[in-house]
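Novice: Need the 3D shape of this:
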Amino acid sequence: QVQLVESGGGSVQAGGSLRLSCAASGKFFRINTMTWYCQAPGKQRELVARIRDGGSTLYADSVKGRFTISRDNAKNTVYLQMNSLKPEDTAVYYCNADVQKLSWQVGVTSNYWGQGTQVTVSS
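Specialist: Here you go, the predicted model:
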């Protein structure tokens, strides 16, 4: 089984910064796409940022220029550097990963979610 464990959430004032981490563990060959989602109370879960195994990235318009996603493949970890935080960034942030479990199963992936980490931004 593959586990994703997030860390780094917390409470900050508007304009502050946080760095989220998500570490993958378990038996697998490689991690393909890693994505951060957020879910605010009463709202649907939405994509924040995505990074593919080749390093290409995608951001939600609301976080462009403020958040940076990166990954350390040697540590099977993805990061989300969150700067210039706003109260509307308040949400539970979830890590998601597409994992290739076996080396010979090219193109076959399984999808996993972390348990989420709370980010609260006060004005």
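
Novice: In the protein, which residue sits furthest out from the middle?
Specialist: Trp104 (26.7 Å; Cα atoms, centre = their mean).

Novice: mind checking how far it is from Asn32?
Specialist: Distance, Trp104 to Asn32, by Cβ to Cβ, to the nearest Å: 15 Å. Bear in mind the C-beta positions are built from the backbone N, C-alpha and C, glycine included.

Novice: show me what contacts Val12?
Specialist: Contacts of Val12 were listed using Cβ atoms under 8 Å, 6 or more residues apart in numbering, and they are 18, 85, 119-122.

Novice: Are any of those buried, and if so which?
Specialist: Among the contacts of Val12, those buried by neighbour count (16 or more other Cβ atoms under 10 Å) are 18, 85, 119, 121.

Novice: who touches the most centrally placed residue in the chain in this structure?
Specialist: Per Cα atoms, centre = their mean, the C-alpha nearest to the average position across the chain is that of Trp36, at 2.8 Å. The contact partners of Trp36, taken as Cβ under 8 Å, 6+ apart, are 20, 22, 47-50, 69, 78, 80, 93-96.

Novice: In strands only, show me those.
Specialist: Cross-referencing the contacts of Trp36 against strands under DSSP state E gives 20, 22, 47-50, 69, 78, 80, 93-96.

Novice: Format these as CSV; extra columns: pLDDT, distance to Gln115 and neighbour count.
Specialist: Converted to CSV, the ones in strands among the contacts of Trp36 look like this (pLDDT from 0 to 100; distance: Cβ to Cβ, whole Å; neighbours: other Cβ atoms under 10 Å):
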residue, pLDDT, distance to Gln115, neighbour count
Leu20, 98, 13, 24
Cys22, 98, 10, 25
Leu47, 98, 18, 14
Val48, 98, 16, 23
Ala49, 98, 19, 23
Arg50, 98, 19, 18
Ile69, 98, 19, 20
Val78, 98, 15, 29
Leu80, 98, 15, 26
Tyr93, 98, 11, 23
Tyr94, 98, 8, 21
Cys95, 98, 9, 26
Asn96, 98, 12, 19
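
Novice: Good, we can wrap up now.
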